[in-house]
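Asker: below are the sequence and a predicted model; questions follow.
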Amino acid sequence: MSLAATIYNNLFRRNFVMVGAVMGGAFAADIAFDVYSQRFWDWKNQGRQWKDIRQKYLLSEDD
């Protein structure tokens, strides 16, 4: 059996299975996009974000 026939028989033959596969794929793509866009943002703005410069502006307990 070819790969295309296997995919058709397992995913696209029944509507509810196809909808579930599409929804699961969309959910996974959304999470992946969020993670990689956050990493890119942090990489491009390194040293300019509050999490990077917080120690310069917060007073320690000794002061």
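Answerer: Right, received. Where do you want to start?
Asker: quick one: low-confidence ranges for the chain?
Answerer: Under the criterion pLDDT under 70, the flagged ranges of the chain are 60-63.
Asker: now the strands for it?
Answerer: With DSSP state E as the criterion, the chain has no strands.
Asker: biggest helix in it, by residue count?
Answerer: When the chain is parsed with DSSP state H, its longest helix is helix 15-44.
Asker: centre of the chain versus that one, how much separation?
Answerer: Helix 15-44 has its C-alpha centroid displaced from the chain centroid by 5 Å (C-alpha atoms, centre = their mean, to the nearest Å).
Asker: likewise for stretch 5-15?
Answerer: Centroid separation for stretch 5-15 versus its chain: 27 Å, with C-alpha atoms, centre = their mean.
Asker: can you give me the end-to-end span of it?
Answerer: Terminal residues of stretch 5-15 are spaced 16 Å apart (C-alpha to C-alpha, to the nearest Å).
Asker: stretch 7-17 now?
Answerer: End-to-end span of stretch 7-17 (C-alpha to C-alpha): 11 Å.
Asker: gap between residue 7 and residue 18?
Answerer: 11 Å (C-beta to C-beta, to the nearest Å). Where C-beta positions appear, they are placed from N, C-alpha and C, glycine not excepted.
Asker: quick one: residue 38 and residue 31, what's the gap?
Answerer: Going from residue 38 to residue 31 by C-beta to C-beta gives 11 Å.
Asker: number of nearby residues for residue 6?
Answerer: 10 (other C-beta atoms under 10 Å).
Asker: scratch that, residue 21 is what I was asking about
Answerer: Using other C-beta under 10 Å, residue 21 is surrounded by 14 other residues.
Asker: now it. Nearest residue, chain neighbours left out?
Answerer: Of all residues not flanking residue 21 in the chain, residue 11 sits nearest, at 5.2 Å (C-beta to C-beta, 6 or more residues apart in numbering).
Asker: and that neighbour, what is it in contact with?
Answerer: Shown in contact with residue 11 (C-beta atoms under 8 Å, 6 or more residues apart in numbering): 17, 18, 21.
Asker: what does residue 41 give?
Answerer: Taking C-beta under 8 Å, 6+ apart as the test, residue 41 contacts no residue whatsoever.
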